[in-house]
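Colleague: pasting the structure only:
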């Protein structure tokens, strides 16, 4: 195992804000359904080495785990270092040799296998596993080198882009006071260059834009210039007209307080609609009321920026799944070459899916590459 850093798993230590949500307790079938288009490809590795297998392996290596009500699985200690240390112990017990501070600078195909260059050192092997991670958080060592190695060895590499990323919006200043406001199960529509995408999930307002699972899980589809539409209240027209009709001499802000939204968000909507805070509910024109209803039913926010690879959680793009045999993780183009984890072109949601997929595909690849060809 050639590792450029002075220790293993530096990026793993940052996962889950240092607590490491390393898998999800969903059944294999439900796990794969949540993985969307990557589900069919991940099926062999998840069914063989899924969350139950992963948790048992960590338990045997000294890292018991706990399952939260939402299905997310963490180390019992809530310390990511315990997951990393257990994986290192398991690897060492299985006979793995770690070579730290060994930054790979090049790979080549030779008649009897592969040559890997790391500075002045040259390593030779009949089989090679590329498990270099993506390009997010490059300061942890995942600089995207693996994509260049895969391309040099003959693979296609689809353009990489941020995934599990926050977004900034053009209207962010109107909602700065809403930072920290979280709404459950918001119906969301993303209008992008590739088409219209609908999703639902928890939404979080930030100082400059949006986050939360519904944004993070779909951020790989987004670019600056796209639009997000949020249904903040189902049946907005009925509710708004009811509370305003009962508002009497109250200000619009106070009259709308019965709506199932925080006051800060209601005030932000009024600001965006151009309604002064002192406006009486009874003085709102039909056109103004319709504007409020429209924003609550389908609030359009323009995306000004998607969080960069330097700080986002994951990477989309990479080696196409069609170029890898899902049953073995061996390249369909280069015999003896195996690929696993985030180098592959899939984008999985938050909740432990990415680490589990990296583990499952890596474990499967390791087993299959250790079997000598007939």
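Modeller: Structure received. Nothing here was measured: the structure is a model prediction, and the numbers come from that model. Numbering: from 1, shown residues only.

Colleague: Any figure for the gap between residue 154 and residue 323?
Modeller: 9 Å (C-beta to C-beta, to the nearest Å). Heads up, the C-betas are built off the backbone N, CA and C, glycines and all.

Colleague: joint contacts of those two?
Modeller: Residues touching both residue 154 and residue 323 (C-beta atoms under 8 Å, 6 or more residues apart in numbering): 331, 333.

Colleague: So for those two, which sits in the more crowded spot?
Modeller: A direct count of neighbours by other C-beta atoms under 10 Å for residue 154 and residue 323 places residue 323 higher, at 18 against 12.

Colleague: Hmm, residue 333 and the more buried one touching each other?
Modeller: Yes: between residue 323 and residue 333 there is a contact under C-beta atoms under 8 Å: 5.8 Å.

Colleague: ok, the residue nearest the centre of the chain to residue 342 distance?
Modeller: For the chain, the residue nearest the mean C-alpha position is residue 164 (3.2 Å; C-alpha atoms, centre = their mean). Distance from residue 164 to residue 342, counting by C-beta to C-beta: 11 Å.

Colleague: ok, now residue 90?
Modeller: 20 Å.

Colleague: Name the residue in these two with the higher neighbour count.
Modeller: Taking other C-beta under 10 Å, residue 90 and residue 342 do not tie; residue 342 has more neighbours (30 against 16).

Colleague: quick check, the more buried one in a helix?
Modeller: Yes: applying DSSP: H, G, I helix; E, B strand; the rest coil, one finds residue 342 inside a helix.

Colleague: check contacts around the residue of the chain most remote from its centre.
Modeller: Distance from the C-alpha centroid of the chain peaks at residue 249, with 47.3 Å (C-alpha atoms, centre = their mean). By C-beta under 8 Å, 6+ apart, the contact list for residue 249 reads 280-282.

Colleague: Residue 243 too?
Modeller: Shown in contact with residue 243 (C-beta under 8 Å, 6+ apart): 255-259.

Colleague: Apply 10 Å and report the result again.
Modeller: The neighbours of residue 243, taking C-beta atoms under 10 Å, 6 or more residues apart in numbering as the test, are 250, 252, 254-259, 281.

Colleague: And residue 98, by the same measure?
Modeller: Applying C-beta under 10 Å, 6+ apart, the residues contacting residue 98 are 1-3, 7-8, 88, 91-92.

Colleague: Could you do residue 317 as well?
Modeller: Per C-beta under 10 Å, 6+ apart, neighbours of residue 317: 134-135, 144, 147, 157-163, 220, 342-347.

Colleague: Show the buried residues in those.
Modeller: 134-135, 144, 147, 157, 160-163, 220, 342-347 (16 or more other C-beta atoms under 10 Å).

Colleague: mind showing which ranges of the stretch 151-300 of the chain have poor pLDDT?
Modeller: Regions of the stretch 151-300 of the chain meeting the criterion pLDDT under 70 are absent.

Colleague: Now do the helices in it.
Modeller: 213-216, 236-245, 252-255, 263-272, 286-297 (DSSP state H, counting those that start in this stretch).

Colleague: Residue 3 against residue 140, yeah?
Modeller: No: assessed by C-beta atoms under 10 Å, residue 3 is found out of contact with residue 140, at 11.7 Å.

Colleague: quick one: common contacting residues for these two?
Modeller: 9-10.

Colleague: among the contacts of residue 98, which are in helices?
Modeller: Taking DSSP state H as the definition of helices, these contribute 88, 91-92.

Colleague: Can you tell me which of those residues is nearest residue 362?
Modeller: residue 91 (10.5 Å; C-beta to C-beta).

Colleague: Please report the distance of that closest one from residue 128.
Modeller: Counting by C-beta to C-beta - residue 91 and residue 128 are separated by 17 Å.

Colleague: and those two? which has more neighbours close in?
Modeller: residue 128 (22 against 16).

Colleague: Skipping adjacent residues, who's closest to the more buried one in space?
Modeller: Spatial nearest neighbour of residue 128, excluding adjacent residues (C-beta to C-beta, 6 or more residues apart in numbering): residue 114 at 4.3 Å.
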